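[1] coords below, sequence missing:
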C-alpha cells in the first residue's frame, strides 16, 4: 500500500522552485542564453590575448555569474506576483515596443460599437 502523504509530481500545479525561486525551465533558459552570449565573446577575447583555451574558463565563470544575477533578478520580479506574471509583462513590453503582438486587449478608454443608427429590438421592424 502506498503512503498517502507522498507528494506526486503529476499533482503539482506549477514547476517547483529549484534555485532562487526559478524553476528548472527558467534556469535552462538562463543558462542557454548565457552560453550563447558568453562562449563566443570569451573565445574571441581569449584569442586576442593569445590563449584560446582560457576562453572556456572565462565563459564558465561568465555563465555562472549570469545565472546567479539573472536568478536574483527573476526572484525580485516574481516576488508576491501570480504565476506567469513576468511572462505576460514581457509580452506586453515587447508589444509596446512594436516587436510582437500580445494576444490581449491593451486599449484603455471608451469603446464604441461603430454603428451610426439605432437598431430596433423587435423582429417586426426588419
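    Ah, there it is. These numbers come from a predicted model, not from an experiment.
[2] helix or strand for the residue nearest in space to the middle of the chain, which one?
    Compute the mean C-alpha point of the chain, and by Cα atoms, centre = their mean the closest residue is residue 87, 4.2 Å away. Assigned by DSSP states H and E, residue 87 falls within helix 85-96.
[3] I'd like the distance from stretch 48-68 to the chain centre, please.
    25 Å (Cα atoms, centre = their mean, to the nearest Å).
[4] rewinding a little: please work out the average pLDDT along the helix holding residue 87.
    For helix 85-96, the mean per-residue pLDDT is 87.
[5] cool, stretch 50-64 as well?
    Mean predicted confidence for stretch 50-64 is 91.
[6] try stretch 102-112
    Here the average pLDDT along stretch 102-112 is 82.
[7] residues in contact with it?
    88, 91, 92, 94, 95 (Cβ atoms under 8 Å, 6 or more residues apart in numbering). The C-beta positions use only the backbone N, C-alpha and C, and glycine is treated the same way.
[8] In contact with the third one, which residues?
    Listed by Cβ under 8 Å, 6+ apart, the contact set of residue 92 reads 102, 104, 106.
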